[in-house]
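J.: this one's structure only:
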Ligand code: RIB
Ligand code: CA
């Protein structure tokens, strides 16, 4: 698995899940701008790998802004100024790969041809850059799973758009159009996989990795209280890792056509999933490549907490 992330709070849980999940060989982390600037994403990723004792996993720096050259917009109100709830290791000096995230992705796609699973949980800029450099990439990758989009749910940054897609719709359009099999783990399911104060209390009583997670979640819950009315948060990015790793079953996930809206109207950055088959129990759609997860098996949040607690040995 190659994880591409904009390492904020829920990305941190995704990194730990990928680093600890049985059967997952995490071969690299690519960082992108998104929740915070790309250098902070690199610092946070490497800090987490250090906590996990997994600095053997390379961390590559990727795009610093969206594909169209517009200035990056970050989310400190959600993830903190440091992307770690303002309690992160701002002085941590990361070990950074000499290659860019797109170069790392291309190299790993050759070294693990036919079996590499990309899990992308931030804006899709790095994946689009890699495809632009080498369109044959799509044929070498086994699968791409993204946290992003919303098929039947409202958006979270605008009424229609989810953050990862909205932050770089042009990149997302390239990634959705590439001829690789894709799974979209969007707000339809991630806003139903909630981490609560109960989970946070269990983490707070754990070892150093777990306590770090409890500390950063405090800020995340502050923001989400304004969204859901209670102290909990959507477990966005770790759920995408869990679907990719088979820790969670996608119990309803039709394979359909999905397009990204790159217009300048109110639905810019939305994912338009053709779910007209829903009235007929989702018959197969000729030529479709986008598996849209609409329902998952319950209980992943507890599995994830257990994985994090074992990270401390
Ligand atoms: O919309 C949720 C997504 O946006 C998550 O990946 C979160 O980390 C942010 O990047
Ligand atoms: Ca993310």
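T.: Yep, that arrived. Remember, predicted model here, so these are calculated numbers, not experimental data. Ligands and ions are numbered 1, 2, ... in the order given.

J.: Could you give the bridge partners of residue 290?
T.: residue 182, residue 256 (DSSP bridges).

J.: doesn't residue 176 make contact with it?
T.: Yes. At 6.8 Å, residue 290 counts as touching residue 176 under the criterion of C-beta atoms under 8 Å. C-beta here means a position set from N, CA and C on the backbone, and glycine is covered the same way.

J.: list residues touching both of those two?
T.: Residues touching both residue 290 and residue 176 (C-beta atoms under 8 Å, 6 or more residues apart in numbering) are 182, 258.

J.: so who does residue 123 touch?
T.: Neighbouring residues of residue 123 by C-beta under 8 Å, 6+ apart: 6, 32, 33, 34, 63, 66, 164, 165, 167, 168, 171, 172.

J.: mind checking pLDDT for the second one?
T.: Spelled out, that is residue 32. With respect to pLDDT, residue 32 has a value of 98.

J.: So what's the residue count around the residue in the stretch 151-300 of the chain that ligand 2 sits nearest to?
T.: Going by C-beta to the ion, ligand 2 is nearest to residue 237 of the stretch 151-300 of the chain, at 4.8 Å. Neighbourhood size, residue 237 [other C-beta atoms under 10 Å]: 32.

J.: heads up, I number from 794, so please use that
T.: Understood, numbering begins at 794; the last thing we discussed is residue 1030.

J.: quick one, what contacts it?
T.: Neighbours of residue 1030 in contact, by C-beta under 8 Å, 6+ apart: 798, 803, 804, 806, 807, 914, 940.

J.: Report pLDDT for it.
T.: Taking residue 1030 on its own, its pLDDT is 98.

J.: Near ligand 2, which residues of the stretch 894-1043 of the chain? Just list them.
T.: 914, 915, 1030 (C-beta under 5 Å from the ion).

J.: give me the number of residues near residue 1068?
T.: Neighbourhood size, residue 1068 [other C-beta under 10 Å]: 17.

J.: let me fix that: residue 887
T.: Count around residue 887 with other C-beta under 10 Å applied: 21.

J.: do you know how far it is from residue 832?
T.: Distance of residue 887 to residue 832, given as C-beta to C-beta, to the nearest Å: 9 Å.

J.: what about stretch 871-878, average pLDDT?
T.: Model confidence over stretch 871-878, given as mean pLDDT, is 97.

J.: swap in stretch 1050-1065?
T.: Stretch 1050-1065 shows an average pLDDT of 98 in the prediction.

J.: Helices of this protein, start to end?
T.: Assigned by DSSP state H, the chain shows helices spanning 802-813, 831-845, 869-872, 894-904, 918-926, 930-933, 956-959, 962-970, 980-983, 990-997, 1001-1021, 1029-1038, 1093-1103.

J.: and residue 1090, how many neighbours?
T.: 12.

J.: So it is in contact with residue 1046, correct?
T.: No. With contacts counted by C-beta under 8 Å, residue 1090 stays clear of residue 1046, the gap being 11.4 Å.
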